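1. structure, please.
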Amino acid sequence: MWDHKLDPLTIRATARACSAQSADAFDIHRSQLGVTILKDRAGEEALIGYGRNAVRLSIHEGSLLDGPVCLTYHLSGREHFARRILALRQLDAIMRLGRVTAGVSTPASNPSRPIMLLRTLNALASHSSAHLIACSLFGEEVVARDWGHPSDYLRMQTRRLISRARRLAAGGYVMLLRGIH
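-> A predicted model of the protein is given here:
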């Protein structure tokens, strides 16, 4: 499902059965969050939670299904160290609180989205059409080439930005300040 080498928010770990009384015990069977597990010869991939705050585990030895387990985490390299630590903090929140808190929420996948939303708001204030908004955001060349694309991806992306911008103008700006897009 995902590769810990490519996805810095995937936690690589070993799971070993342990007592439910252990301070380090983790039991997915007791989780209030959704859990998806994929097993193959290489090990086990687990997705705990939903959306941006889901935690991804790559278990290369043992199984979360053996319920309660103690996890040993495998970290390497500095390139994505901060994001790996964030993933561990999210897992810690799930283990302690049963959810990922706002303080350790994963940043939006597109850091330029808040700027795009503000530019969309400005364009809407000038009564620009969706086509003109797309030109200002993505460039006239891209819009000329892809506006009529069979998948309609560019029109849909522009519509989503317009919808989000309107929600911001209607009082949803607090979500933008909290990093929820």
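
2. from here on, contacts and neighbour counts on C-alpha atoms
-> Fine.

3. quick check, distance from the helix ranked longest in the chain to the centre of its chain.
-> As assigned by DSSP state H, the longest helix anywhere in the chain is helix 81-97. Taking Cα atoms, centre = their mean, to the nearest Å, the mean C-alpha location of helix 81-97 is offset from the chain mean by 13 Å.

4. what about the residue nearest to Leu38 when sequence neighbours are not counted, which SS state?
-> Using Cα to Cα, 6 or more residues apart in numbering and skipping the chain neighbours, the partner closest in space to Leu38 is Glu45 (5.1 Å). Using DSSP: H, G, I helix; E, B strand; the rest coil, the structure places Glu45 in strand.

5. hang on, Glu45 packs against Val55?
-> No. If you go by Cα atoms under 8 Å, Glu45 and Val55 don't touch, sitting 10.6 Å apart.

6. hang on, the earlier thing: just name whatever secondary elements the longest helix of the chain is in contact with.
-> strand 10-17, strand 55-61 (3 or more Cα pairs under 8 Å, 6 or more residues apart in numbering; DSSP states H and E).

7. so who does Leu47 touch?
-> Gly34, Val35, Thr36, Ile37, Ala54, Val55, Arg56, Leu57 (Cα atoms under 8 Å, 6 or more residues apart in numbering).

8. now do 7 Å
-> Neighbouring residues of Leu47 by Cα atoms under 7 Å, 6 or more residues apart in numbering: Val35, Thr36, Ile37, Ala54, Val55, Arg56, Leu57.

9. let's see the pLDDT reported for it.
-> We have a pLDDT of 86 for Leu47.

10. list the residues that contact the closest residue to it other than its chain neighbours.
-> Distances taken as Cα to Cα, 6+ apart put Arg56 closest to Leu47, at 4.7 Å, once the chain neighbours are dropped. Residues near Arg56 by Cα under 7 Å, 6+ apart: Leu9, Thr10, Ile11, Ala46, Leu47, Ile48.

11. wait, the first one touches Ala87, no?
-> Yes. Contact status for Leu9 versus Ala87: in contact at 5.2 Å, counting by Cα atoms under 7 Å.

12. so what's the residue nearest to Ile94 when sequence neighbours are not counted up against?
-> Counting by Cα to Cα, 6+ apart, Ile94 lies nearest to Val100, which is 5.7 Å off, once chain neighbours are set aside. With contacts defined as Cα under 7 Å, 6+ apart, Val100 is in contact with Asn53, Gln90, Ala93, Ile94.
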